[in-house]
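Q: take this sequence and fold it.
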Amino acid sequence: MTRFFSLLTVFLFTAGFAHAATSKEDLARIQNQLSAKQQQAQRLEQKAGKTEDELDTLRARLVAATREEKESEDRLLDLQAKLDQLQKQEEAQRQALSEQQSKLSGVLAAMMRLSRMPPEVLMLRPEAPVDNLRSAILLRRALPYYAGKAQDLSSNLDRLRETRASIMEKRQDLIEAQKTFGVREERLNALLSERQAWLKATAGQRAEITRQIEVLSLEAKNAKELMSRVASSSLKLPGKKF
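A: Have a look, this model is predicted:
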């Protein structure tokens, strides 16, 4: 009987030791898997956080680009309004210049006619000589006045043309810049879509890794508890009966 209990004790110790060794190996394997999954989850979370930051930056850049494009469109409208106004002013100046040139031509023609008339012809005109003299004096005085007015109008017209040319150049620059706005917005939208697609694609992967970590953590806990129970039961020897 004593021999039976001795053999039973040896068997229990041996079985417990073998089971404990197996459980220890299982625990080590589970812990290795758990550590690998946790590292993988950490890398994905870091990448996800970085991607979220990139998305915030891209959204801000896209908003800024949209605002800049809107401001450019407003400037274009403003420049176009100025061009229209300058066009009207230029037409008015051109018409006034034409009128002054016509008056100047009339004065010059009258003076030429007077200068070509012999004195005897002037004496025979129905107007009194003093009237003819007064007309000549008035024509001579009118000549520089109309010439000066025409010169001023011509100078104003040149300045208007220069201003209009400068505004047209700015307008063309804005039009060219708007072409780059479209390209930039397309590129930003493409980057935004790419980052969002990555987050969406990895969301399921991250959720699955989290689930696996929970399962492995539970397995590790169960393995530890099993090892603890085996160790406790192996230390208890069966009692002797007399």
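Q: run through the chain and note the low-pLDDT ranges.
A: Applying pLDDT under 70 to the chain flags residues 1-23, 104, 107-108, 110-143, 230-231, 233-242.
Q: let's see 90
A: By pLDDT under 90, the weakly predicted segments of the chain are 1-55, 57-242.
Q: center of it, which residue is that?
A: Central residue of the chain (CA atoms, centre = their mean): residue 65, 2.7 Å from the mean position.
Q: list the contacts of it.
A: With contact set as CB atoms under 8 Å, 6 or more residues apart in numbering, residue 65 has these partners: 181, 184, 185, 188. Yep, even glycine has a C-beta here, placed from its N, CA and C like the rest.
Q: which of these has the most neighbours?
A: Using other CB atoms under 10 Å as the neighbour test, those are led by residue 188, with 19 neighbours.
Q: tell me which element the nearest residue to that residue once chain neighbours are set aside falls in.
A: Of all residues not flanking residue 188 in the chain, residue 62 sits nearest, at 4.7 Å (CB to CB, 6 or more residues apart in numbering). Assigned by DSSP states H and E, residue 62 falls within helix 2-116.
Q: one more: residue 200?
A: Here residue 200, judged by DSSP H and E, is contained in helix 129-235.
Q: and that helix, how far from the chain's centre?
A: Remark: helix 129-235 is offset 4 Å from the chain centroid, using CA atoms, centre = their mean, to the nearest Å.
Q: before we move on, what about stretch 46-64?
A: Distance, centroid of stretch 46-64 to centroid of chain: 13 Å (CA atoms, centre = their mean).
Q: mind listing what's buried in that stretch?
A: Residues of stretch 46-64 classed as buried by neighbour count (16 or more other CB atoms under 10 Å): 51, 55, 58, 61, 62.
Q: determine the number of other residues adjacent to residue 158.
A: When neighbours are defined as other CB under 10 Å, residue 158 has 11 of them.
Q: next: residue 90.
A: Counted with other CB under 10 Å, residues neighbouring residue 90 total 17.
Q: what's the answer for residue 198, then?
A: When neighbours are counted by other CB under 10 Å, residue 198 comes out with 15.
Q: please tell me I have it right and it contacts residue 50.
A: No. The criterion here is CB atoms under 8 Å, and residue 198 misses it with residue 50 at 10.6 Å.
Q: sorry, back to before: quick one: contacts for the residue nearest to residue 188?
A: So residue 62 contacts 185, 188, 189, 192 (CB under 8 Å, 6+ apart).
Q: measure it to residue 200 for me?
A: The spacing between residue 62 and residue 200, counted by CB to CB, to the nearest Å, is 19 Å.
Q: before we move on, the earlier item: quickly check the contacts of residue 62 for the two that are furthest apart.
A: Greatest spatial distance among the contacts of residue 62 (CB to CB): 185 and 192, at 10.2 Å.
Q: how many neighbours does residue 213 have?
A: 17.
Q: just give the closest residue to it, not the sequence neighbours.
A: Leaving aside its sequence neighbours, residue 213 sits nearest to residue 37 (CB to CB, 6+ apart; 5.0 Å).
Q: pretty sure the one you found contacts residue 216?
A: Yes. At 6.4 Å, residue 37 and residue 216 qualify as touching, with contact defined as CB under 8 Å.
Q: how close does the residue nearest to residue 188 sit to residue 177?
A: Taking CB to CB, one finds residue 62 at 17 Å from residue 177.
Q: what do you get for residue 220?
A: The value you get for residue 220 to residue 177, if CB to CB is used, is 62 Å.
Q: list the residues that contact the nearest residue to residue 219 once chain neighbours are set aside.
A: Of all residues not flanking residue 219 in the chain, residue 30 sits nearest, at 5.0 Å (CB to CB, 6+ apart). Residues near residue 30 by CB under 8 Å, 6+ apart: 216, 219, 220, 223.
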